[in-house]
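[1] below are the sequence and a predicted model; questions follow.
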Amino acid sequence: MFHYTLRRLAFAIPTLLFISVILFLLLDLAPGDPTASLPLTIPLEVREKIRLSLGLGEPIHIRYAFWLKQFFVNEPLHLISSLTGFDVSGERLRVISWQSRSPVVDIVLERMPQTLWVVGLSYVVGILIAVPVGIVSAWRSNGWFDQIGTFVSMVGFSVPTFFSGVLLIVIFSVHLGWFPSIYDTTHRVTDLGSFFHQIRQMVLPVSVLALYNAAQISRFMRASTLDNLHLDYVRTARAKGMPERRVLLVHVLRNSLGPVVTVIALGVPGIFGGAIITEQVFKVNGLGHLLITAIQANDLPMVQTLTFIFAVLIILFNLVADLLLGILDPRIRYG
Amino acid sequence: MNRILPVILATAFILASATAKAERGRDGHVGILYWQAPSILNPYLSGGTKDLEAASLILEPLARHDENGTLVPWLAEGVPTVTNGGVSDDLTTITWTLRDDLVWSDGSPVTSADVVFTANYCLDPAGGCSGLTQFNDVVDVEAVDERIVRITFGVAKPYPYGPFVGANSPILQKAQFAECTGARAPECTDANFNPIGTGPFRVVEFRSNDVISLEANPHYRDPSKPAFATVTLKGGGDAASAGRAVLETGEFDYAWNLQLAPDVLEGMQDAGLGVVVSGFGTLVERLIVNLTDPSPGLGDERSTRTHPHPVLSDQAIRKALSMAIDRETLVEIGYGPAGRTTCNIVPAPAPYTSTANDDCLVQDIDGANRLLDEAGWLPGADGIRQKDGARLSIVYQTSTNAVRQDFQALIKHWWSRIGVETELRNIDASVFFGGDPGNPDTYLKFLADIQMYANGFDGTDPEPYLASWRCGNEPRPDTQWQGQNIPRYCNATYDALVDEMARTGEPDERARLGRMMNDMLMQDHVLIPLVHRGRVSAHSASLGGVLLNTWDSELWNVADWYRIR
């Protein structure tokens, strides 16, 4: 298993390099101009100078090499410097965002907490709802619980978050005034009162996303449990007179979790990607918001770095999913 | 006496109430919402409106325009003019004197060295300064003494209020930015995120593209201001949710740039928590007519002056296209309180506004049809007018934007009623307004017959704006498609007026020339104005002192904002 992991990680390096080349080429070939969003009153000569100061005067392979060096050499060196206090990075230039002229990685780290809190929590809540709902729906399939569950997940799956989010705001913020419609990213939890405020401001975005996540995962859970319920070992267990609770929660659950765990693990990189629309609706300003504003402003270093980080996470969690599967199901052996 | 007495009483009352609560930070907290989040607080490195306006809480210029467009001294003692000797008689130098009570928010004094440094910072060729236009023709900026700065121009400048005037040209602190000039400008993240200023507030925490926390500047020159102790300037979301947060839930006090459908805005205002305010600057949504031939067969000579446009070179057609448009409807559908009809490309300030073209305000389809008949363009079998084998078929492009696509559909419909066939295109804004000479879809290349967008000018002086339509300034291959004469207009009489304006310093005469040039462009119908667009913002009912300023930052007078009790 250890060798298997090492081999997979070694394979990941050429894959990631290839991905970074493709990303760089795609972004460069895509039409767009970082000065396009400036007011038209700024004349063209000045725009040209701005473009040159952003490094756009260099040919593409030089810019790619710069980015590689900045991301794989300068950034880690800087990280070491800031962690240990020894100055090993010196005057090396980090990956700089064109919009804010500040290091991309610092902004990403600044955005990480709110995304993990809101999107991550909604994923956890979604899973906690989805797994029991999926099991019960399969156990009493086509019963009233299953019918309601199917209906709710259809709604959660098909209603876009820009609709459900605004609907919740209109009901709970505008009319009832229970929850704020704007997420305060500078809020710090220091005591019980501020903790409750943090809960209050997370309720709406987390519920919108949790509904969506739960809808998706509960369908997988139900299908997987249904498959298992018809297998011979379940009939045997029941014939032995094993209590239904034990059949369901020990034998069936473990066997049917396999595919669901894969789905859940593969969804984790999506958390780091943020939830572009929900973050926009509630102004959470996490990583999703960062990505979409960078795309709109043609901030190529930011888009390149973010999408590359997502690529790393996706490859990593693919591996995690495979390893988890091996733990859950001893029949799977990696050599 | 009868008329003076109320004024005295009112003044006395204001003074009394001001002294009664004259304490900095007395009104606690104010929340401002910009749905486009500010990225950086150094206006010289951004140029985006959101960044300029956020920075205007902290950084200030020597002078700026107030809400009426009048130039008022800000960090300077007064506005230099020829009359008071501040501007030399040959119009080549301007001398500013700083106020004597100025201190940076770190407690150090503001001197003329800071002003000189700011000019050099922006003029550094490697810095990529976006405010460079402000410093056009500047050859030297020197400190005469601690408080006096003299700017010398290479040519006579009838309007010398470019450098250090307005939110896009504030003063930076030399001590803070001394290490950040030229190519190193973008590396100074700390300085660019936390500039030390003279304004009413200073930065506590800056999160790029998210939120800025500020507190009252303890060294602000007026000890009784600002009334607010802290400010949160939050970014993100969209115009609708920003309007909701101020007008419907009351979570924030001020929301910027609410370009929303008129009925949506009205519905929000009905909640009674806030007020919608609007003001008009110089922004005009217009059609630009291509006077050169964009036919694909011409290769590199497409849309260059080598080939005049086969159809639109006819002035009668351009006039008919303008006559067929119902500007009232466009305003009603697209902008509501944030728009009004106009027949001028220079819609403000008042001295420059012409009334000679106002007959365009009424749609006249019959008149347009008659005009085309007389010009010999007669409807063919398919209803489309033609003449000598040329068909009146037009490609009409603009950027992707819901309101613009509505306008395209309406205008296409009106033009179909005068026998003009229209093909519509819309292009993503980041491409359309981009300057990439390799891209065929930019507004500069103009590979279409008509295009639509909005433009205006900064401040109150239209001279550089009007000069953009002079002959030779058109985008073409040998300028890498850079240039601002987008319609490729070429008229010797017009160019003579441009030159005359550059020599004229007398305000009334400049206004007359400006109106004449506006009228020429309008009566030649090379630019077809559609809507004079304003700014719409909203503030909560409890926020006082807001004066919406379209000539400068909307936050220009934030020091005077207060809480109504």
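    Here it is on my side, so go on. Residues are numbered from 1 along each chain as shown, chains lettered A, B, ... in the order given.
[2] just confirm B:Arg286 is within a helix.
    No. The assignment for B:Arg286, made by DSSP: H, G, I helix; E, B strand; the rest coil, is strand rather than a helix.
[3] next one: it from chain A, what distance?
    In this structure, B:Arg286 and chain A are 11 Å apart, going by Cβ to the nearest Cβ, to the nearest Å. Bear in mind the C-beta positions are built from the backbone N, C-alpha and C, glycine included.
[4] tell me which residues touch that residue, please.
    B:345, B:452-455, B:527-530 (Cβ atoms under 8 Å, 6 or more residues apart in numbering or on different chains).
[5] pLDDT value on the residue nearest to B:Asp314 when sequence neighbours are not counted, please?
    Nearest non-adjacent residue to B:Asp314, counting by Cβ to Cβ, 6 or more residues apart in numbering or on different chains: B:Ala375, 6.4 Å away. Per-residue pLDDT puts B:Ala375 at 91.
[6] let me see the contact set for B:Ala375.
    B:314, B:316-317, B:387.
[7] of all the contacts of B:Arg286, which comes closest to B:Val277?
    Nearest to B:Val277 among the contacts of B:Arg286: B:Ala454, at 20.0 Å, using Cβ to Cβ.
[8] what sits against the closest one?
    Neighbouring residues of B:Ala454 by Cβ under 8 Å, 6+ apart: A:40, B:283-286, B:533.
[9] and the contacts of B:Arg286 as a markdown table, adding pLDDT, distance to A:Asp227 and secondary structure?
    Below are the contacts of B:Arg286 laid out as a markdown table (pLDDT from 0 to 100; distance: Cβ to Cβ, whole Å; DSSP: H, G, I helix; E, B strand; the rest coil):
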| residue | pLDDT | distance to A:Asp227 | secondary structure |
| --- | --- | --- | --- |
| B:Ile345 | 94 | 70 | coil |
| B:Met452 | 95 | 58 | strand |
| B:Tyr453 | 93 | 58 | strand |
| B:Ala454 | 91 | 59 | strand |
| B:Asn455 | 90 | 63 | strand |
| B:Leu527 | 95 | 68 | strand |
| B:Ile528 | 95 | 67 | strand |
| B:Pro529 | 95 | 68 | strand |
| B:Leu530 | 95 | 63 | strand |
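[10] now the residues you listed: which count as buried?
    Among these, the ones that count as buried by 16 or more other Cβ atoms under 10 Å in any protein chain shown are B:345, B:452-455, B:527-530.
[11] where does pLDDT dip in the chain?
    As the question left the chain open, I've gone with chain A. Scanning chain A for pLDDT under 70 picks out A:87-91, A:274, A:334-335.
[12] wait, chain B was what I had in mind.
    Using pLDDT under 70, chain B drops low at B:1-21.
[13] hmm, try it at 80
    For chain B, applying pLDDT under 80 flags the ranges B:1-22, B:47, B:127-128, B:183-187, B:430, B:434-438, B:479.
[14] mind listing the helices for the stretch 301-450 of chain B?
    For the stretch 301-450 of chain B, the helices defined by DSSP state H, counting those that start in this stretch cover B:315-323, B:327-334, B:365-374, B:402-416, B:429-432.
[15] now the stretch 51-200 of chain A against chain B: closest residue?
    The minimum distance from the stretch 51-200 of chain A to chain B, using Cβ to the nearest Cβ, falls at A:Ser53 (2.6 Å).
[16] so what's that residue up against?
    B:126-128, B:183, B:185-186.
[17] please repeat the previous calculation with a cut-off of 6 Å.
    B:Gly128 (Cβ atoms under 6 Å, 6 or more residues apart in numbering or on different chains).
[18] show me what counts as buried in stretch B:217-226.
    So for stretch B:217-226, counting by 16+ other Cβ under 10 Å, buried means B:217, B:219-221, B:225-226.
[19] mind putting the residues you listed in a markdown table, secondary structure included?
    Compiled in a markdown table, the buried residues of stretch B:217-226 are given as follows (three-state DSSP):
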| residue | secondary structure |
| --- | --- |
| B:Asn217 | coil |
| B:His219 | coil |
| B:Tyr220 | coil |
| B:Arg221 | coil |
| B:Lys225 | coil |
| B:Pro226 | coil |
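[20] could you list the buried residues of the top helix by length along chain A?
    Counting by DSSP state H, the longest helix found in chain A is helix A:192-229. Neighbour counts over helix A:192-229 (16+ other Cβ under 10 Å) mark A:201-202, A:204-222, A:224-226, A:228-229 as buried.
[21] and it, what other elements does it pack with?
    Here helix A:192-229 touches helix A:121-139, helix A:144-158, helix A:161-168, helix A:253-272, helix A:276-282, going by 3 or more Cβ pairs under 6 Å, 6 or more residues apart in numbering or on different chains; DSSP states H and E.
[22] could you dump these to JSON lines with distance to chain B and mean neighbour count?
    Below are these laid out as JSON lines (distance: least, Cβ to the nearest Cβ, whole Å; neighbours: other Cβ atoms under 10 Å in any protein chain shown):
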{"stretch": "helix A:121-139", "distance to chain B": "18", "mean neighbour count": "20"}
{"stretch": "helix A:144-158", "distance to chain B": "22", "mean neighbour count": "15"}
{"stretch": "helix A:161-168", "distance to chain B": "8", "mean neighbour count": "18"}
{"stretch": "helix A:253-272", "distance to chain B": "17", "mean neighbour count": "18"}
{"stretch": "helix A:276-282", "distance to chain B": "6", "mean neighbour count": "25"}
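[23] how about these, which one is nearest A:Thr293?
    Smallest distance to A:Thr293 across these (Cβ to Cβ): 9.4 Å, for helix A:276-282.
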